[in-house]
Every structure is written in structure tokens, then in C-alpha cells.
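Undergrad: build me a structure from this.
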Amino acid sequence: MSVRVRFAPSPTGHLHVGGARTAIFNWLFARRHGGTFIIRVEDTDQARSTRESETMVLEDLRWLGLQWDEGPDEPGPHTPYRQSERTDHYGAVAQQLLASGHAYRCFCSEEMLEAKRKQAEAEGRPPHYDLTCFRLSPQEISAKLNSWAPFALRFHVPDDGDVTIDDLIRGEVTWKKESLGDFILVRSDGLPTYNFSVVADDHEMEITHVIRAEEHLTNTHRQVLIYRAMGWDVPQFAHVSLILGPDRSKLSKRHGATSVSQYADDGFLPEAMVNYLTLLGWSAPDGRELFTTEYSIGHFSLDRVNSAPAVFDHQKLDWLNGQYIHSMTAAELLPRVRPFFDAPWLEEGIELVKTSVTRLTEFHEALRFVREFTPAEVDRSFCEAIAADLRANGAPVDEGSYKAFVERLKTATGAKGKALFMPLRLALTGSEHGPELVRMIPLLQHASESDPMVLSPLQRVERCIG
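TA: Okay, the predicted model is just below:
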């Protein structure tokens, strides 16, 4: 059996990191088994769903590198891949359930249903539907239809309505018939409910494994009953745990960024995000925390996904992102950094400071000293000695010329060690801290030759002299 999985976002905004992790698990599972990864847009919430949001979600998935095999923009054998364009499919299934007696028309208005709910609560009963319309005679139904009374389509929970699944993450889960009342399949406005449309779509799209968030676990009872009523094979379910904030409440905006796009804007690498989100619930067989996409594809399995909630640790994500940045060459980082900061000397600058940053956005601050210079108070005679050497020999451009430069300064000033290097750094950068002088001075010289905003080492020292 060929593996077919789907990620089914609701287009109501940017992709949340919880949804991103679910998409990653589906994608890894499909790639691990040589299967098919499908994007299906669940846009039947007309009040909140927009095509603009759909575009944003798809862009977030592309940024993560999760290419899909079938979807709204990748036609496949089960097109269309937007629920709003599949109403005919749902209508056909609804008619089959109605004809087989598994569903019935419910003419109760919202006001009537609300009154029934309140009465059930007052009597201490579960607020299940009281089967008023299930008991209507054919004549009563015909009369209501002839009077154009609006109706919804409701599923009747059978006497053998207990459901047990073997969840691939949580093990055996059982629901009793008594926990569920007859539920709506199609609303009175003709729109299908989530539980109905998702079953119809998953069956038609031949989904073999439903990997989704834990919050959908409560929907599974209804969905399995629909599968049974239609005589369809039930897919294997795997419900992924919640992602919590550091205070162990559900991750939300009060914990910081929660959307994939915000992490992209904040300077995180997509490879690092995929690595980190994969670690939220899954553990590598050898315990490693840094791994390539190829590694995770080759080793991903649902039996290594933890059923316990995962805590989102921003510090760990920062560390992980930094590890990726530190391991990349300046040439590889250049196109990644440019959207945040650009300069003709950027590649050389990246090479100089990359081990001191953890996000792409930090390169601008780390390289601020190149374009911005405020003279510090440095002994005038020391600065004059530096300036004289730079005028006579030019600025050092490599390790060899830097060492010769330092030796000449020792001779000229009589200083050495910290007494030499601290005022030298202050004279060139105006700061006590920064990158190694042996690499920084050549950058300042090269940058000044291509960027009018950059002062050369000599110009900086001359400003210190005044």
C-alpha cells in the first residue's frame, strides 16, 4: 500500500508553528516511505477563510522547504484541493447516507436546539440531541419538505456506536456510544461540517495515514462512524501532542512569535526551524539534536514521536539556529543575510562575525562598526604612531602584513600585550570589544575602497588625533 498523507490548513492567517510541525511530520513520513504528501485547503469557514491567507500559508510551507506532490497549485488525480470547490462531492456522499438510513433530515431551528440543550443541562443529562426529527414519520417529513422548511442533515449514532482506534502515537483509544449524540453532517445553509467533509475528502484522496494535532482526537469518534456507515476503510490515525510555552500553557502570542513568517522575519533559517520543530516531540535514534533534512527523512518514524506535550524553548531554537549559521560558508550565507542588511563588502564581513551571531538579523548590529565610527579617547602619541605606520606601509591586508604591522608598533610605542592591542582597537573601532584585529583591519581597508560610507583604518586614526 502506497503511503498518502495530507496537511489540511485552514487559511485564516499565517502558518502557526504547531501547524508547521504537523506539516513537517506528514512530509517526513511521506518522504520516509516514498509516499505522497498532499496539501488540502480547508476553507469552508467563509467568515474567516481568504485566498490571501491561503497564499500566505503556502508561502510559509515553501519557505520551510516542504514541497507537496498534490495541492491547489499542483494538480493531482483528486482535484480540486480546496474544500470550497468540492461541495458536489459532499452532496453525493450525503445522499448515500440519507438513502441508507445512516442520516436523516433535522428541521429543528437553532432556537429549538438551544432550548433542548438548556433543558438537558437543567435535568443533568448530556446535551445530546433528543432524536425529535429521527422519529418523524415519512408523512411528517414530506409535509415539512412541501412547506419548504429548512433542514440540516444529521448522522444517527447506531447502537454499536462504540469506537476503538490504535493510535500510532497514543496507543489504544476508545470512545463509548453514550459519549456522543446524533451530530450534524450538513448545515441548513448547505455547507458541510468539518467532520463530514474531512472524511469524504480523506477517502476520495486515498489518505492512508491521518497525522494531525491532538486537539482533533475528539473528532475521531464521529469520523470513524461515518467511515463505517459508508463501508470505507478507516485510515490509521496518529495524534501529535500540543506545543506548550515555557509556563506549560498552550503556546500563544504572549510567549513570543508563534507564526512561521515571524520567525523568518526574525532571522531564523528554514533548515534550523525544520530541525527544531522536528525535535518537538520526535527524537533521533542516536540522540543527536542537529541533523540534516536527509537524516530526518531517513530515520523518521511515528513510534519515536512522544505522546507528551512538547515545550517550545526559544533559547534552544536560538542556539540551534546559531549552529547552522556557524557551519555555513560566507558565500552560502550571503543571499540569506542580504534581505536584512546589504553592503558591497558583506561577504567578507559575514566571514568575520558569523560565529558571534545566532540570527540573520544580528549581522547588521555585528557589522555596525564598519560603517559607524565614533572616535574614542586614545593617547595622542600612540595614535600618531599608528597613523605614521599606515601612511608609510598601508593597512595590513592579510595575516602576514598584520604581524609585521604589530611588530613595528611595538618598536615605535614600546607597548605590548593589552597595552598595545586595547588602544589599537579603540583607535580603529571606538569600542573595547569586537572581532579579531588580524581580520578586522583588512575588512575595514577593503570596505573603504568600495563603500563611501566606510572610513579606512588611517582615516579613523586621524579622527582620533583630531
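
Undergrad: which parts of the helix or strand bottoming out on mean pLDDT in the chain are buried?
TA: Lowest by mean pLDDT, DSSP states H and E among the helices and strands of the chain is helix 110-122, with a mean of 85. Judged by neighbour count (16 or more other C-beta atoms under 10 Å), helix 110-122 contains these buried residues: 113, 116, 120. To be clear about C-beta, it is placed using only N, CA and C from the backbone, and glycine gets the same treatment.

Undergrad: now stretch 424-441
TA: Applying a neighbour-count criterion of 16+ other C-beta under 10 Å, one finds 424-430, 434-435, 437, 439-441 buried in stretch 424-441.

Undergrad: would you mind checking the average pLDDT for it?
TA: Mean per-residue pLDDT for stretch 424-441: 93.

Undergrad: just the CA atoms of that stretch, as CSV, please.
TA: C-alpha atoms of stretch 424-441 as CSV (Å, rounded to 0.1, in the frame of the first residue of the first chain):
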residue,chain,number,x,y,z
LEU,A,424,44.8,50.0,18.9
ARG,A,425,41.2,48.5,18.9
LEU,A,426,39.8,51.8,20.4
ALA,A,427,41.6,53.9,17.8
LEU,A,428,40.2,51.7,14.9
THR,A,429,36.7,51.0,16.2
GLY,A,430,35.9,53.3,19.1
SER,A,431,35.0,50.2,21.1
GLU,A,432,36.8,47.9,23.6
HIS,A,433,35.2,44.8,22.1
GLY,A,434,34.9,43.3,18.6
PRO,A,435,36.3,40.8,16.1
GLU,A,436,39.9,39.8,15.9
LEU,A,437,42.1,42.7,14.8
VAL,A,438,44.0,40.5,12.4
ARG,A,439,40.8,40.0,10.3
MET,A,440,39.0,43.2,11.2
ILE,A,441,41.7,45.7,9.9
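
Undergrad: need the residues that contact it.
TA: Contact with stretch 424-441 is made by 351-353, 356, 369, 373-378, 382-383, 386, 395-396, 399, 402-403, 405, 409, 421-422, 444, 457, 460-461, 464, as judged by C-beta atoms under 8 Å, 6 or more residues apart in numbering.

Undergrad: now go through those and say which are in helices.
TA: With DSSP state H as the criterion, helices contain 351-353, 369, 382-383, 386, 399, 402-403, 405, 409, 421-422, 444, 457, 460-461, 464 from among the contacts of stretch 424-441.

Undergrad: just the buried ones from the residues you listed?
TA: Among the ones in helices among the contacts of stretch 424-441, those scoring as buried are 351-353, 369, 382-383, 386, 402, 405, 409, 444, 457, 460-461, 464 (criterion: 16+ other C-beta under 10 Å).

Undergrad: so which two of the residues you listed are the farthest from each other?
TA: Using C-beta to C-beta, the two most remote members of those are 351 and 382, lying 29.1 Å apart.

Undergrad: give me every residue that touches the residue lying closest to residue 357 once chain neighbours are set aside.
TA: Ranked by C-beta to C-beta, 6 or more residues apart in numbering and with sequence neighbours excluded, the top spatial neighbour of residue 357 is residue 366, at 5.4 Å. Neighbouring residues of residue 366 by C-beta under 8 Å, 6+ apart: 353, 356-357.

Undergrad: same question, residue 166
TA: With C-beta under 8 Å, 6+ apart, residue 166 has these contacts: 172, 236.

Undergrad: beta partners of it?
TA: Residue 166 forms beta bridges with residue 172, as assigned by DSSP bridges.

Undergrad: measure it to residue 231 for me?
TA: Going from residue 166 to residue 231 by C-beta to C-beta, to the nearest Å gives 20 Å.

Undergrad: can you check residue 371 too?
TA: 70 Å.

Undergrad: ok, the two, which is more surrounded?
TA: residue 371 (14 against 8; other C-beta atoms under 10 Å).

Undergrad: what residues are up against the more buried one?
TA: Remark: with contacts taken as C-beta under 8 Å, 6+ apart, residue 371 is in contact with 343, 451, 453-454.

Undergrad: next: residue 389.
TA: Shown in contact with residue 389 (C-beta under 8 Å, 6+ apart): 405, 408-409, 412.

Undergrad: ditto for residue 423
TA: 378-379, 382-383, 415.

Undergrad: the contacts of residue 389 into a markdown table, with extra columns for distance to residue 109 and pLDDT?
TA: As requested, the contacts of residue 389 are exported to a markdown table (distance: C-beta to C-beta, whole Å; pLDDT from 0 to 100):
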| residue | distance to residue 109 | pLDDT |
| --- | --- | --- |
| 405 | 88 | 96 |
| 408 | 94 | 96 |
| 409 | 91 | 95 |
| 412 | 95 | 93 |
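
Undergrad: helices of the stretch 51-200 of the chain, start to end?
TA: Using DSSP state H, counting those that start in this stretch, the helices of the stretch 51-200 of the chain run over 51-64, 87-99, 110-122, 138-146, 194-204.

Undergrad: helices and strands around the last one, which ones?
TA: Under the contact definition 3 or more C-beta pairs under 8 Å, 6 or more residues apart in numbering; DSSP states H and E, helix 194-204 sits against helix 87-99, strand 183-186, helix 220-230.

Undergrad: residue 8 is nearest to which of these?
TA: Between these, helix 220-230 lies closest to residue 8; by C-beta to C-beta that is 12.9 Å.

Undergrad: where does this structure dip in pLDDT?
TA: The chain contains residues with pLDDT under 70 at 46-47, 252-257.

Undergrad: domain ranges for it, per the record?
TA: Following automatic domain parsing, one gets these domains for the chain: 87-240, 369-465.

Undergrad: turn these into a markdown table, including distance to residue 329.
TA: Output for the domains of the chain, formatted as a markdown table (distance: least, C-beta to C-beta, whole Å):
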| stretch | distance to residue 329 |
| --- | --- |
| domain 87-240 | 35 |
| domain 369-465 | 15 |
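
Undergrad: for the contacts of residue 389, work out which two are farthest apart.
TA: It's 405 and 412 that sit farthest apart of the contacts of residue 389, by C-beta to C-beta, at 10.6 Å.

Undergrad: name the element the residue lying closest to residue 319 once chain neighbours are set aside belongs to?
TA: Once flanking residues are discounted, residue 319 sits nearest to residue 358: 7.0 Å by C-beta to C-beta, 6+ apart. Using DSSP states H and E, residue 358 sits in no helix or strand.

Undergrad: residue 358 against residue 317, yeah?
TA: No - checked against C-beta atoms under 8 Å, the pair residue 358 and residue 317 is beyond contact range at 9.1 Å.

Undergrad: which of the two has more neighbours?
TA: Using other C-beta under 10 Å as the criterion, residue 358 and residue 317 rank with residue 317 on top: 24 against 20.

Undergrad: can you give me the strands in the chain?
TA: In the chain, the segments counted as strands under DSSP state E are 4-7, 36-39, 103-106, 152-155, 163-167, 171-175, 183-186, 209-213, 236-240, 243-244, 310-311.

Undergrad: considering the buried ones among the ones in helices among the contacts of stretch 424-441, which is situated nearest to residue 174?
TA: Using C-beta to C-beta, these come closest to residue 174 at residue 353, 57.3 Å.
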